[in-house]
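Visitor: Provided below for reference: sequence and predicted model.
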Amino acid sequence: MAAKKPFALRIDEKLIKAVEKWAADEFRSTNGQIEWIIQEALKKSGRFKKSELNDPNQD
């Protein structure tokens, strides 16, 4: 498992509430949901190959 690097994230209150709801709907933590969103965006943009990501749900 890759090491995780903590960092502070300033985010609009309405945006984080929406992410928290989405995370709860998918049985993820808020942090896990944010990581998933970023991973999906990176894959979609072609900035990371699937094999470079620490994604247990890889296709």
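Guide: Alright, I've got the coordinates. Numbers count the residues shown, from 1 in each chain.
Visitor: just for the protein, where's the confidence low?
Guide: Within the chain, the stretches with pLDDT under 70 are 1, 50-59.
Visitor: For it, which segments count as helices?
Guide: With helices called from DSSP state H, the chain shows them at 13-25, 30-45.
Visitor: To K5, which of these lies closest?
Guide: Comparison of those against K5 by Cβ to Cβ identifies helix 30-45 as nearest, at 11.6 Å. For the C-beta atoms, the positions are set from N, CA and C on the backbone; glycine is no exception.
Visitor: What is the neighbour count of the closest residue to I16 other than its chain neighbours?
Guide: Leaving out its chain neighbours, the residue that sits closest to I16 by Cβ to Cβ, 6 or more residues apart in numbering is T30, at 7.4 Å. Neighbours of T30 under the rule other Cβ atoms under 10 Å: 14.
Visitor: Repeat that for Q33.
Guide: 19.
Visitor: Could you tell me how far the nearest residue to it once chain neighbours are set aside is located from A3?
Guide: Using Cβ to Cβ, 6+ apart and skipping the chain neighbours, the partner closest in space to Q33 is A23 (3.5 Å). Shown here: A23 relative to A3, a distance of 22 Å by Cβ to Cβ, to the nearest Å.
Visitor: Tell me who's in contact with the residue nearest to I16.
Guide: Contact analysis of T30 by Cβ atoms under 8 Å, 6 or more residues apart in numbering lists 16, 19-20, 23.
Visitor: thinking again about what came up before, pick the most deeply packed of the helices of the chain.
Guide: Mean neighbour count, computed with mean count of other Cβ atoms under 10 Å, is highest for helix 30-45 among the helices of the chain, reaching a mean of 14.
Visitor: got the angle between that one and helix 13-25?
Guide: Computed by axes from the mean of the first three to the mean of the last three Cα atoms, to 10 degrees, the angle separating helix 30-45 from helix 13-25 equals 90 degrees.
Visitor: quick one: helix 30-45 to chain centroid distance?
Guide: Here helix 30-45 is found 3 Å from its chain centre; the criterion is Cα atoms, centre = their mean, to the nearest Å.
Visitor: going forward can the numbers begin at 13, since that is how I track them
Guide: Done: numbering now begins at 13, and the last item shifts to helix 42-57.
Visitor: What are the neighbouring residues in contact with the residue sitting nearest the centre point of the chain?
Guide: Residue closest to the mean C-alpha point of the chain, counted by Cα atoms, centre = their mean, is E47 at 1.7 Å. Contacts for E47 (Cβ under 8 Å, 6+ apart) come out as none.
Visitor: Thanks a lot, see you next time.
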